[in-house]
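Enquirer: one predicted model, sequence on top.
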Amino acid sequence: MMQLFFTAGELEKRSNRGFWQKRHFETLNSYMCYWKSSAKAEMCGAIDLRELAPPSVGKGAADRVVTLRREAAAFLPAASFELRAP
């Protein structure tokens, strides 16, 4: 049985235009949800963590970037999703 934990905080995600955007993330059960800010006025998206391939971590100058790739029909607007600490 998979054990998941709750965590929350600010991360940056890369937009489909290549810009880094600061977002508030929270894990809720098996989902990682994100909003534009911690006020959580409107959810921007959610990622089903059970449907992702193991994450890859950048090397060298990109060592803070984690790339999440979907294996199946995870709710991602693209095939991959890049995150980093601000």
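Expert: Yes, it's here.
Enquirer: the nearest residue to residue 65 once chain neighbours are set aside and residue 67, how far apart?
Expert: Using C-beta to C-beta, 6 or more residues apart in numbering and skipping residues adjacent in sequence, the residue nearest residue 65 is residue 58, 4.1 Å away. Heads up, the C-betas are built off the backbone N, CA and C, glycines and all. Using C-beta to C-beta, to the nearest Å, we find residue 58 at a distance of 7 Å from residue 67.
Enquirer: tell me which of the two has more neighbours.
Expert: Neighbours around residue 58 and residue 67, counted as other C-beta atoms under 10 Å, are more numerous at residue 67. The numbers are 16 against 13.
Enquirer: now do the contacts for that one.
Expert: Neighbour list for residue 67: 55-58, 80-82 [criterion: C-beta atoms under 8 Å, 6 or more residues apart in numbering].
Enquirer: next one, pLDDT for the residue nearest to residue 65 please.
Expert: Per-residue pLDDT puts residue 58 at 70.
Enquirer: is it possible to export the contacts of residue 67 to a markdown table including secondary structure?
Expert: Formatted as a markdown table, the contacts of residue 67 follow (DSSP: H, G, I helix; E, B strand; the rest coil):
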| residue | secondary structure |
| --- | --- |
| 55 | coil |
| 56 | strand |
| 57 | strand |
| 58 | coil |
| 80 | strand |
| 81 | strand |
| 82 | strand |
